[in-house]
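Participant: Could you look at this predicted model? Sequence included:
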Amino acid sequence: MEFKTIKYQEPEPGVGFITLNRPDRLNALGLDMVDDLHTVFGNLKTRDEVRVLVLTGEGRGFCSGADLKDPRILGAAGRVLTDPTVHLYEVQKKYSALVLEMRRLPQPLIAAVNGPAAGGGMCLALAADVVIAGPRAAFTPSFINIGLSGGEMGTTFFLPQKVGSSRAAEILLTGRTVEAREAERIGLVSRLAEEGRLMEVAMEVARAMLAKTPMGLRLTKEALTLNLTAPSLEAAIELENRNQSMCCSTPDFFKAVEAFVKRKAGL
């Protein structure tokens, strides 16, 4: 797949690598990049052979957020920015739909955050299933710093779940930057990689996922996504019951059990 603003590669069987590729603009999210991401996510939905995805940025940044220099955003005489209805349908829904697409992907998505993740870039990281940060990663919810609401592309949904409601409120209301070490300490990221090892760690996690059965991996992501908003414990368990019943009837399950028994027996 060829794109204008992103790169897509499959470095190993089963792993898809998506790289935001506007390093001169710190991988700012112009509408061309938004379109490219929608396209690649749409294609990957049906690529069963691609089982794990990694999202990262080219150069020294992960993503600096929406590109306010994009002429498609400014529109004629700034009309897209000054007319709330036009803005909602021409810009806002296109950006926010990226997060919905990411959560609907059947593949687990690992964000490898190599540098600043500001505004929409922070939102992309928050929407990933696993977030691995390099030592130069930094997360800035910059919306409120430019006169917007701090709630954007799922921030008020994901961030409180990761770091707690009080800490999320403080970060979103002040618009301050959370550096990599603090991000790991408060649970904003899953792991902190050492200098020069970010991609290596991301691939280690991806390979660990690939060692699991395809259905087990896929249904685990589905349960994690749907049970974020489960109305009750009973509803969450019913979904898990369905998933386990489906998995235990697959050939992969019997192979995995046989291998487990052999390991335990030292065979």
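Facilitator: Looks like it came in fine.

Participant: what are the ranges of the strands in this protein?
Facilitator: For the chain, the strands defined by DSSP state E cover 6-12, 15-20, 52-57, 109-113, 116-118, 130-133, 138-140, 178-179, 191-192.

Participant: Tell me which of those sits nearest to residue 43.
Facilitator: Residue 43 sits nearest to strand 6-12 of all these, at 8.5 Å, using CB to CB. Every C-beta, even on glycine, is put in place using the N, C-alpha and C of the backbone.

Participant: can you put the strands of the chain in a markdown table and add distance to residue 219 and mean pLDDT?
Facilitator: Formatted as a markdown table, the strands of the chain follow (distance: least, CB to CB, whole Å; pLDDT from 0 to 100):
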| stretch | distance to residue 219 | mean pLDDT |
| --- | --- | --- |
| strand 6-12 | 23 | 96 |
| strand 15-20 | 19 | 98 |
| strand 52-57 | 15 | 98 |
| strand 109-113 | 16 | 98 |
| strand 116-118 | 29 | 97 |
| strand 130-133 | 17 | 98 |
| strand 138-140 | 30 | 98 |
| strand 178-179 | 32 | 98 |
| strand 191-192 | 24 | 96 |
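
Participant: for those, which one sits closest to residue 229?
Facilitator: Here strand 109-113 is closest among the strands of the chain (CB to CB), at 18.5 Å.

Participant: just the helices in the stretch 51-200 of the chain please.
Facilitator: 71-74, 79-82, 84-87, 93-104, 120-127, 155-163, 165-174, 180-186, 198-210 (DSSP state H, counting those that start in this stretch).

Participant: Buried deepest among those helices, which one?
Facilitator: helix 120-127 (a mean of 26; mean count of other CB atoms under 10 Å).

Participant: Dump it to PDB, keeping only the CA atoms.
Facilitator: What follows is helix 120-127, C-alpha atoms only, in PDB (Å, rounded to 0.1, in the frame of the first residue of the first chain):
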ATOM      1  CA  GLY A 120      -4.400  14.700  18.200                       C
ATOM      2  CA  GLY A 121      -1.100  12.900  18.500                       C
ATOM      3  CA  MET A 122      -1.700  12.300  22.200                       C
ATOM      4  CA  CYS A 123      -5.200  11.100  21.300                       C
ATOM      5  CA  LEU A 124      -3.800   8.500  18.800                       C
ATOM      6  CA  ALA A 125      -1.600   7.200  21.500                       C
ATOM      7  CA  LEU A 126      -4.400   7.000  24.100                       C
ATOM      8  CA  ALA A 127      -6.500   5.100  21.600                       C
END
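
Participant: average pLDDT for it?
Facilitator: Per-region confidence: helix 120-127 scores 97 on mean pLDDT.

Participant: which secondary structure elements does it contact?
Facilitator: helix 93-104, strand 109-113, strand 138-140, helix 155-163 (3 or more CB pairs under 8 Å, 6 or more residues apart in numbering; DSSP states H and E).
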